[in-house]
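Novice: can you look at this prediction? I've put the sequence above it.
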Amino acid sequence: MSKGLEFFRKMLEEERDRLRAELEAARRKEPLGNIGYSNHMAETATEAFEQTKGQSLERRLERLLADVEYALSKFEKGTYGICENCGKPIDPARLEALPYAVLCFECQHRYEFVPQKGIGNI
Ligand SMILES: [Zn+2]
């Protein structure tokens, strides 16, 4: 097997730790503390906007973290780097750019164009 596996595992573990820290930081930034000072409508709107932004960031991080953890679980099963759809090995160059990819380029491409057909838990 390719000696790259450990490399990707390490990369994913580092990514997981980084995402966890980032998620924690995002959660700690609850806008509770700075509600008091806004008297203007505009400021309130901005705050609401900031809040929404914060939530979507949190959601994005959660999603990403789930992807990374899912990819890591594949090392245990010995299926890391194998496309979930067609069972072919995923191009290492693709994994290097996207270590938590679970589909090969072709399947991902197809999936993006026919999202209604879906492929399980992506
Ligand atoms: Zn595939």
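Specialist: Nice, I can see it. Remember, predicted model here, so these are calculated numbers, not experimental data. Numbering: from 1, shown residues only.
Novice: worst-scoring helix or strand of this structure, pLDDT-wise?
Specialist: helix 41-77 (a mean of 83; mean pLDDT, DSSP states H and E).
Novice: give the buried residues for the helix or strand following that one.
Specialist: Sequence-wise, the next helix or strand downstream of helix 41-77 (DSSP states H and E) is helix 92-97. In terms of neighbour count (16 or more other CB atoms under 10 Å), helix 92-97 has its buried residues at 94-95. C-beta: built from backbone N, CA, C; applies to glycine.
Novice: what does stretch 10-28 give?
Specialist: Under 16+ other CB under 10 Å, the buried positions of stretch 10-28 are 11-12, 15-16, 19, 22-23, 26.
Novice: intersect those residues with the contacts of the ion.
Specialist: Here nothing survives when those are matched to the ion using CB under 5 Å from the ion.
Novice: looking at the residues you listed, spot the one nearest residue 84.
Specialist: Comparing those against residue 84 with CB to CB places residue 12 closest, at 16.1 Å.
Novice: under a three-state scheme, what state does the closest one occupy?
Specialist: helix (DSSP: H, G, I helix; E, B strand; the rest coil).
Novice: OK, contacts around it?
Specialist: 68, 71-72, 99-100 (CB atoms under 8 Å, 6 or more residues apart in numbering).
Novice: out of the residues you listed, what pair is the most spread apart?
Specialist: Maximum distance among the contacts of residue 12 (CB to CB): 9.6 Å, for 72 and 99.
Novice: the more surrounded of the two?
Specialist: residue 99 (21 against 18; other CB atoms under 10 Å).
Novice: so the more buried one, which of the three states?
Specialist: Classification of residue 99 using three-state DSSP returns coil.
Novice: touching, it and residue 8? I think so.
Specialist: Yes. Residue 99 is in contact with residue 8 according to CB atoms under 8 Å; the separation is 5.1 Å.
Novice: check what contacts stretch 57-70 and list those residues.
Specialist: 12, 15-16, 19-20, 22-23, 26-27, 99-100, 102, 121.
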